[in-house]
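**Q** Here is a sequence together with a model predicted from it:
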Amino acid sequence: MRIALYEPDIPQNTGTILRLCACFGIEAHIIEPAGFVSSDRAFRRAGMDYLDQVKLVRHAAWPAFEAWRRAEQLRLVLFTTKAATPYLDHRFRPDEILVFGRESAGVPEPVHDAAEARLLIPMSQGLRALNVAMTVAMAAGEAMRQLGGATAGRD
């Protein structure tokens, strides 16, 4: 299992997510352009000294990411408020990359169209969305539970 952030625009969220990935041995991917530079103070502060411990892959844009994903034969699982399937009903697989959209705008239709599965975290009606870092933590926790624990030290 891997985590991908589509054009993230809040440095604190991205730093927090990368810290989570470092702690659990989850490979992280950033699909550019991000709304901040990696030297941003808020990004570095949120990631603390964990940023040097995460396996991070950057993709210049969606087409580059999609070409890489297809070459690696990974299933794209998109977390979106536009999905009908609750994430707890999904059977996670090791060959999946979990994709989370931009905080301000989600993902465009080509990303939705590329997803083999679209999942949502059910919430109270009338509320827009959870913080993306919380969403990633919930998704990663459930995927790790199903897959037998943290991926640190595994291939």
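**A** Thanks, I have it.
**Q** what pLDDT, on average, does stretch 71-81 get?
**A** Per-region confidence: stretch 71-81 scores 97 on mean pLDDT.
**Q** Spell out, range by range, the strands that occur in the protein.
**A** With DSSP state E as the definition, the chain shows strands at residue ranges 2-6, 27-31, 56-59, 75-79, 85-86, 96-100, 117-120.
**Q** From the contact counts, what lies against the third one?
**A** Other helices and strands packing on strand 56-59, by 3 or more C-beta pairs under 8 Å, 6 or more residues apart in numbering; DSSP states H and E, are strand 27-31, helix 62-72. All C-beta spots, glycine's among them, are computed from the backbone N, C-alpha and C.
**Q** re the thing from before, just send the strands of the chain back as TSV, with mean neighbour count too.
**A** Below are the strands of the chain laid out as TSV (neighbours: other C-beta atoms under 10 Å):
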stretch	mean neighbour count
strand 2-6	22
strand 27-31	21
strand 56-59	15
strand 75-79	22
strand 85-86	11
strand 96-100	22
strand 117-120	18
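**Q** where does this structure have low pLDDT?
**A** 40, 44, 46-47, 150-155 (pLDDT under 70).
**Q** longest helix anywhere in it?
**A** Of all the segments assigned as helix in the chain under DSSP state H, the longest by residue count is helix 132-147.
**Q** how far out from the middle of the chain is that one?
**A** Averaging C-alpha coordinates over helix 132-147 and over its chain gives two centres that are 9 Å apart (C-alpha atoms, centre = their mean, to the nearest Å).
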